[in-house]
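[1] sharing a sequence plus its predicted fold:
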Amino acid sequence: MGEELRTTCPFCSLHCTDLRLTIDGGRLADFSPPCEKGQMGYANAISGLSASRKQSQTRTALQAVRLSLEAASRLLVVLSADLDREAVEGAIRFSKKFSAILTCAEEYTGSMFALAMKTAGFLTGTLGELRNLEQVVLCGVEPGQSHPRLGEMIQKNLLSQAIFLDPPDPLEAIRWLRLGNEERGENIPDFYTDIAAQIQKATSGVVFFGPKWLEAGLPVTTEFLLWLNDLNRTGRWYAQYLSLASNNTGVVETLLFATGFPPNVRFKAKSVGYSPRRWQAERLIQMDWPDLCLLIGRPRHFSEQTFARLEKNRTILLDPLAPSWRPHDWLPVAQAGIDVSGQVQRLDGVPIALQPIMPMERPTANAILADLASEGPRV
Amino acid sequence: MILIRGAEIYDPAHGIDGEVRDLWLDNGRIIAPPQEGAEPQVIDGRGMIVAPAGVEIHAHVAGYGLNAARRFLLPDAAALDLLTPPAKEAAERYLCLGYTTVFDAASSPLFARSTLADLESMQVLDRGTYTLMGDHLLLLKALAAGDRGNIRDTLSWLLQVSGGYAVKLVNPGGGIAWKANRPTPGLDESIGLGDLTQRKIIRMVVELVNEMGLPHPVHLHAGQLGRPGNSASFCETVRVLDGQRAHLCHIQFYAYGDDDGCGYSSAAGQVVRCIEPYHQLTFDVGQVLFGTALAVTADTSAASHLRNATGQPWISRQVEGEGGNSVLPLAYLAKSPASAVQWATGLELLLRFPDPARMFLTTDHPNGGPFTAYPQVIAWLMSSAARREALKQVHRAATKKTGLAAVKREYTLGEIFAMTSWGPARALGLSDRGHLGVGARADIRCYRRQADIQAMFSQPAWVMKGGKIVVREGRIVQLGEGDILVVRPAWDFERLPLIQRNLSKIVTVQPEHYALGLGPIAGMLEVPCRSKVS
């Protein structure tokens, strides 16, 4: 029987710090507290360790990448949603050196979010704050799906105070909620007037919402955040964005810290340009814009057409696990929280340190990027 | 060895006020003129003004709150760049202004790793941060219980795990009252933990920090920030500090009369009369500039008040077991009576307060405006004609409701260097900088004398850090390697299990993963404490 390890989970943006794992004979033997997502993540990561190439092979692949870099003039760097801070900072330094466009694999709704926030503001809190509130409203999200232990916590402690909202037309629903208290009887369904009354009674609460309500367009986002603003005026109402898989580790926050901008930036000699719509990863790949595409971490939500383009063009993947598609080059790298330490951000922005559970000799993405940048030419 | 020959030297710490002298440097330090030795590298100082490099005592340039601000300002590229540049960029701007030591004004322990990441990127400077504790339940509960040993160890532990340089109190107890939907407590009202009041928190923490001998005393952001008529409560807070060392920040925001209930007026005169006799206290002003600014504050109740008063949207994040941080866009308009009074009140405070080594120039960046506007403020301080001209451009409330127009004082260069170098360095307990005495760090700024004071201070001819020229004519020519300044006061390690047990009741992160932990920080320089406690 292997030794029990206490560690911090890298596999969803809760980053639980109270995990206990047992690894026996190179396999995950025990995992608690129970969480399917974490358990599956660890099982995959541990089995993936053995699939990594030897260092000599990595060196050969690196040489090939260097040659590709020399030939490239339009370099696209795409970050996945589960990179630690060091990898993101390495990608920024690399992108600066090669005047690359730096994006995220998941379509980033930040510009919409920023515009809407500028209109309505936002009150939120860290996880410990959220669990102390009187009312929970879940708008178009099921926390248990992406963050099992958060779902469990809500189910256990807050189910009687929970309201689930997932209407086909969010705009109409939000307007009804905003009007619910004042204009009872104005063709507003009873369901919404009742919810509005329930919310009105609570002096504190939290609204969880996901990308669905942000991607529904600016009118929905703005109306939604104006509703939150109304709530803030009646009491202490928090809102918490709950991503499904994107920004698991705070990649967006790290970019904001280091460049002043979220993803979709282009580095030039002495400046950073920001264009959230033009410089989206999938759009650029489907336009065949890059003559070299560097994927740092695996893109989870790319379409089949995008993968087909990537396979056709010059693509390099840095990832701990062997890909199920065929990039031009795959360089296996260490994973923070598995074989190296690292720093990530919890969904509420709290920075969390990850510890290695099975240290190995794999290079980190940052080390590879630094190596490439130290010898590679400037594009 | 370096010789700066024939420069006009300003060193307020040693009473040197524009004397033409030579200055000798070796190994990054200032040395006495050597009797003999190797031929020095000579820097021609003729026609140049040479002074100790600037020391920033209060600016919000690092940490998580700024990211919220960046999201907010995203649609406004100019404001984004001016008010919330990445920490590395902010550090380089400071260096180009002649500052080599900068302190971030507030860092929440739970977010210490984010602050540290920013501080790491500011490596061209010596830098540090103050740890927010005034709403930390761990500390407040210890204070309510009254065990001085436990309070002292909690303060020390929090400083150590968050990589802090000083204890920051922001409207202490106000944050937890706000979270409980209670009104902001007055100085003598319970904050909701037994009979613990803001007065008791301030007095006990200030006394203990001074007993612990921290180089910088408690850095206090008082209650009632920004409210008309708040000068009376501010003066009452100052009296709580009788006999104790402390630093009160951005006091312009507390120097308001209520103009008989008709809005803002300046109470700078009364405030100066109140604070001047407390020689152990230091202050920074928090000067307001006209234009775009941004409230970035841990004072949620003040930000909430501002939000309700202005109708502006805000971003506010409450932190488990602590207070919170809030961000709110601001615009100070020259034609707005309130903004005009705030602008004039800051200048009036600076001009009426007699000792520039105790009252420092800050804009509480980005709350009053960007730190890059310091040269503009210096130009107003050094010229009553420039102030008269400025007064013509702003709302008449600045003339009618403040005493600025009546103040004729003009700062001398020596006084400017006292308020931007020597004074803040001394208040921070950094005896190795802010002056040009033998043994001091060779952190030096040099200006080409110009009639246009603003232009002169905007671009030093060169800036030296550790004896190396790092900036020349506004451009960085060499990247210096500064230190992250921290304090690590002694504490009773046996109390750790108790602290961790109490912490686990208030935060969701396991205690052993809280903040930075107890290990050393890469690049840190520990500034010693002069403890009076055995």
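    Yep, it's here.

[2] C-alpha from now on. contacts and neighbour counts both.
    Fine.

[3] and the spatially most central residue of chain B, what element?
    For chain B, the residue nearest the mean C-alpha position is residue B:58 (1.3 Å; C-alpha atoms, centre = their mean). Per DSSP states H and E: residue B:58 is located in strand B:54-59.

[4] that strand: how far from the chain's middle?
    Distance, stretch centre to chain centre, for strand B:54-59: 5 Å (C-alpha atoms, centre = their mean, to the nearest Å).

[5] the residue nearest to the centre of chain B contacts residue B:101, doesn't it?
    No. In this structure, residue B:58 is not within contact of residue B:101 by C-alpha atoms under 8 Å, at 10.9 Å.

[6] list the contacts for the closest residue to the residue nearest to the centre of chain B other than its chain neighbours?
    Leaving aside its chain neighbours, residue B:58 sits nearest to residue B:105 (4.9 Å; criterion: C-alpha to C-alpha, 6 or more residues apart in numbering or on different chains). By C-alpha atoms under 8 Å, 6 or more residues apart in numbering or on different chains, the contact set of residue B:105 is B:57-61, B:129-130.

[7] what's the nearest residue to the residue of the stretch 251-379 of chain A found nearest chain B if we skip its chain neighbours?
    At 5.3 Å from chain B, residue A:260 is the closest residue in the stretch 251-379 of chain A, using C-alpha to the nearest C-alpha. Leaving aside its sequence neighbours, residue A:260 sits nearest to residue B:86 (C-alpha to C-alpha, 6+ apart; 5.3 Å).

[8] how close does the one you found sit to residue B:60?
    12 Å (C-alpha to C-alpha, to the nearest Å).

[9] residue A:18 and chain B, how far apart?
    Between residue A:18 and chain B the distance is 7 Å, computed by C-alpha to the nearest C-alpha, to the nearest Å.

[10] now for that residue, how many residues are close by?
    Residues within reach of residue A:18, counting by other C-alpha atoms under 10 Å in any protein chain shown, total 16.

[11] from what I can see it touches residue A:8, true?
    Yes. Assessed by C-alpha under 8 Å, residue A:18 is found in contact with residue A:8 at 6.4 Å.

[12] remind me which residues of the stretch 201-350 of chain B are low pLDDT?
    Across the stretch 201-350 of chain B, nothing is flagged by pLDDT under 70.

[13] my read is residue B:289 is in a strand, agree?
    No. Counting by DSSP: H, G, I helix; E, B strand; the rest coil, residue B:289 is located in no strand; its state is coil.

[14] OK, contacts around it?
    Residue B:289 makes contacts with B:332, B:343, B:363, B:368-369, B:373, as judged by C-alpha under 8 Å, 6+ apart.

[15] list the contacts of residue A:264.
    A:101-104, A:274-281.

[16] from the middle of its chain, how far away would stretch A:259-275 be?
    Here stretch A:259-275 shows a centroid-to-chain-centroid distance of 19 Å under the convention C-alpha atoms, centre = their mean.

[17] show the end-to-end separation of that stretch, please.
    Start-to-end span of stretch A:259-275 (C-alpha to C-alpha) is 13 Å.

[18] still on that earlier bit, count of neighbours near the residue nearest to residue A:260?
    Close neighbours of residue B:86, defined as other C-alpha under 10 Å, add up to 25.

[19] check residue B:231 too.
    The local packing of residue B:231 (other C-alpha under 10 Å) involves 27 other residues.

[20] what are the phi and psi angles of it?
    phi -60, psi -30 (degrees, to the nearest 10).

[21] spatially nearest residue to it (excluding sequence neighbours)?
    residue B:255 (4.8 Å).

[22] now do the same contact list for the one you found.
    Counting by C-alpha under 8 Å, 6+ apart, residue B:255 touches B:229-231, B:234, B:266-268, B:271, B:345.

[23] just checking, which helix or strand of chain A averages the lowest pLDDT?
    Of all helical and strand segments in chain A, the minimum by mean pLDDT, DSSP states H and E falls on helix A:110-120, at a mean of 70.

[24] need the next SSE after that one, C-terminal direction.
    With DSSP H and E, the next secondary element past helix A:110-120 is strand A:122-125.

[25] for residue B:87, see how far away the residue nearest the centre of chain A is.
    What sits nearest the mean C-alpha location of chain A, by C-alpha atoms, centre = their mean, is residue A:247, with 1.3 Å. According to C-alpha to C-alpha, residue A:247 stands 22 Å off from residue B:87.
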